[in-house]
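Engineer: sequence plus predicted model, see below.
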There are 4 protein chains.
Amino acid sequence: MEIGARTWVVPGGHVPFPGHGPEPAFTGFDQLCLLNATERDAEVSLEVFYEDQEPVGPYRLAVGARRIRHVRINDLIDPEAVRLDRPYGCLLRSPVPVVVQFLRQDTRLPGVVALTGTMAHPA
Amino acid sequence: MEIGARTWVVPGGHVPFPGHGPEPAFTGFDQLCLLNATERDAEVSLEVFYEDQEPVGPYRLAVGARRIRHVRINDLIDPEAVRLDRPYGCLLRSPVPVVVQFLRQDTRLPGVVALTGTMAHPA
Amino acid sequence: MEIGARTWVVPGGHVPFPGHGPEPAFTGFDQLCLLNATERDAEVSLEVFYEDQEPVGPYRLAVGARRIRHVRINDLIDPEAVRLDRPYGCLLRSPVPVVVQFLRQDTRLPGVVALTGTMAHPA
Amino acid sequence: MEIGARTWVVPGGHVPFPGHGPEPAFTGFDQLCLLNATERDAEVSLEVFYEDQEPVGPYRLAVGARRIRHVRINDLIDPEAVRLDRPYGCLLRSPVPVVVQFLRQDTRLPGVVALTGTMAHPA
């Protein structure tokens, strides 16, 4: 049985900025959480979409067989950093079925942490 | 391959009011986030449903080919503004497949930000 | 085209208690948000599941044709109130396709509002 | 009719630590909420995936016929405790159809509660 899908979409990206509190625990972030239940290592390809320019990518995210990987969008730098406080969306393509969840941590206000997230859309 | 769907639904709209903090970053809002991975510009049609009156619309949301668009419900004014602090839902129809995510920011309490969201339902 | 499904499930109910702040805006609640895009009024039937007793119901939720309805679980009293601060889940059945979203507002801490939610699962 | 699915996935686990406030109400947690609408008791099997080691499991979660069960990941100890403040994901397999929702409560900051959650992905 296939566990997951090969294409996933998150339209509502926006890394909160600035953050407050000790890093990295309280850094503001958008995060993609991937689970690969297959027996095959996967190099997932991520494309970032914007409101006013062509998509940027591919970013490469390696997720081993029978492993998860939680990646902060803030940490992606190749081919280029995703600018903070700017709307974006993303499209992931995987050679094997995976499952993708999206999480945001917002610490723009000192002493406050806000979270939101959703399962990505399997396309 | 089709990435997304042509019809999306969000039953649980309710723009928080009032908001506190610098605008527009801390304005209370409900937001629709659309991603159009196709090669064709799309004019998405949005219909707003209420508890006690006929639906209002269509609102028109343009989303370019290979683009995202994040739209605050608060900013929609044509054919009429969506009243703040009033329950609503919405139905989106697109001529091409898109993916739609819903996000709420609640700043009704000074010094507090609360977030919630979910992928819209692809119908 | 059918917009939505006739059966929806929310496993993770738990009305936060107590709440703080002016009622009803800041009352702690779990809420079900329904959208009926059909041309037919619907009486949706809700069954509440518990950890340690038989399900209770049906609760009746009327949602007009082309209408939404946002219902706080706290406000359901017939056949019996859903006890606050107690884990529950719910199963909705509708004679017409609808879409269902779940929202929680937690104000157990004075001066703090936390939100979470998700689309219900269409079964 | 089958209500739910037999396989569910949550890629984005991470039990917040430390927590603040009276236990157990304000303990930081990740929670899985299961609803079993069938007429058959189910023993659900949970496997925990990590970034840097082989999956651990099975954990056994009993959910009676016509019952829900809300389980904090923090409370799982057999075959071993899930370490706090460490990324993980999980895969649930049930002999009967169930529905699974994920919820996180974050109380790492004193006097603040943040919530997030999503329906798990039915695989």
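Structural biologist: Structure received. Small disclaimer: the values here were computed from a predicted structure and weren't measured.
Engineer: mind listing what the residue nearest to A:A5 when sequence neighbours are not counted touches?
Structural biologist: Leaving aside its chain neighbours, A:A5 sits nearest to A:P122 (3.7 Å; criterion: CB to CB, 6 or more residues apart in numbering or on different chains). Heads up, the C-betas are built off the backbone N, CA and C, glycines and all. When contacts are counted by CB atoms under 8 Å, 6 or more residues apart in numbering or on different chains, A:P122 touches A:G4, A:A5, A:T7, A:W8, A:V99, A:V100, D:H121.
Engineer: bridge partners for the fourth one, pull those for me.
Structural biologist: Looking back up the chat, that one is A:W8. A:L92, A:P122 (DSSP bridges).
Engineer: A:E43: neighbour count?
Structural biologist: 12 (other CB atoms under 10 Å in any protein chain shown).
Engineer: for A:E80, that is, sorry about that
Structural biologist: Neighbours of A:E80 using other CB under 10 Å come to 11.
Engineer: need phi/psi at it.
Structural biologist: Backbone torsions for A:E80, taken as degrees, to the nearest 10, come to phi -160, psi 160.
Engineer: residues contacting the residue nearest to it when sequence neighbours are not counted?
Structural biologist: Counting by CB to CB, 6+ apart, A:V56 is the residue found nearest to A:E80 once chain neighbours are left out, at 6.1 Å. Neighbouring residues of A:V56 by CB under 8 Å, 6+ apart: A:E47, A:V48, A:Y50, A:P79, A:E80.
Engineer: is the helix or strand encompassing the first one in proximity to chain B?
Structural biologist: Following DSSP states H and E, one finds A:E47 within strand A:42-49. Yes. Where contact is defined by CB under 8 Å from any CB of the partner chain, part of strand A:42-49 touches chain B, namely A:F49.
Engineer: so after that strand, what's the next helix or strand?
Structural biologist: According to DSSP H and E, the helix or strand after strand A:42-49 is strand A:56-63.
Engineer: contacts for whichever helix or strand comes after that next one?
Structural biologist: Proceeding N to C from strand A:56-63, the next assigned helix or strand is strand A:67-72, under DSSP H and E. The contact list for strand A:67-72, computed with CB under 8 Å, 6+ apart, reads A:27, A:29-36, A:61-63, D:11-12, D:14, D:49-52, D:87-89.
Engineer: pLDDT averaged over strand A:67-72 - what is it?
Structural biologist: The average pLDDT within strand A:67-72 is 98.
Engineer: partner strands of it and their direction?
Structural biologist: strand A:29-36 (antiparallel).
Engineer: what angle separates the strand it pairs with from strand A:42-49?
Structural biologist: 150 degrees (axes from the mean of the first three to the mean of the last three CA atoms, to 10 degrees).
Engineer: from the chain's centroid, how far away is strand A:29-36?
Structural biologist: The chain centroid and the centroid of strand A:29-36 are separated by 5 Å under CA atoms, centre = their mean, to the nearest Å.
Engineer: over to stretch A:56-76?
Structural biologist: The answer for stretch A:56-76 is 7 Å, by CA atoms, centre = their mean.
Engineer: buried sites along it?
Structural biologist: A:56-59, A:61, A:63, A:66-74, A:76 (16 or more other CB atoms under 10 Å in any protein chain shown).
Engineer: farthest pair within these?
Structural biologist: The most widely separated members of the buried residues of stretch A:56-76, counting by CB to CB, are A:V56 and A:R66 (30.4 Å).
Engineer: can you tell me how far A:Q53 is from B:I68?
Structural biologist: As judged by CB to CB, to the nearest Å, A:Q53 and B:I68 stand 11 Å apart.
Engineer: around chain B, which positions in chain A sit nearby?
Structural biologist: A:7, A:9-14, A:49-52, A:54-55, A:87-89, A:91, A:104, A:106, A:108-109, A:111-112, A:114-121, A:123.
Engineer: filter these down to the ones close to chain C.
Structural biologist: Within the residues of chain A next to chain B, those near chain C by CB under 8 Å from any CB are A:T116, A:T118.
Engineer: give the contact list for the most centrally placed residue in chain A.
Structural biologist: Centroid-nearest residue in chain A, with CA atoms, centre = their mean: A:L32, separated by 2.8 Å. Applying CB under 8 Å, 6+ apart, we find A:L32 in contact with A:V10, A:L46, A:L61, A:H70, A:V71, A:I73, A:C90, A:L92, A:V100, A:Q101, A:F102, A:A120.
Engineer: now A:P16
Structural biologist: A:G28, A:F29, A:D30, A:L84, A:D85, A:R104, A:Q105, A:D106, A:T107, A:R108.
Engineer: of those residues, which pair is most distant in space?
Structural biologist: Maximum distance among the contacts of A:P16 (CB to CB): 14.2 Å, for A:D85 and A:Q105.
Engineer: those two: which is more packed in?
Structural biologist: A:Q105 (24 against 12).
Engineer: skipping adjacent residues, who's closest to the more buried one in space?
Structural biologist: A:F29 (5.2 Å).
Engineer: doesn't A:V15 make contact with the one you found?
Structural biologist: Yes. Contact criterion CB atoms under 8 Å: A:F29 and A:V15 qualify, at 6.3 Å.
Engineer: which neighbours do those two share?
Structural biologist: A:I73, A:N74.
Engineer: what's opposite the closest residue to A:G57 other than its chain neighbours in the beta bridge?
Structural biologist: Among residues not flanking A:G57 along the chain, A:E47 sits closest, at 3.7 Å (CB to CB, 6+ apart). Per DSSP bridges, the residues bridged to A:E47 are A:L91.
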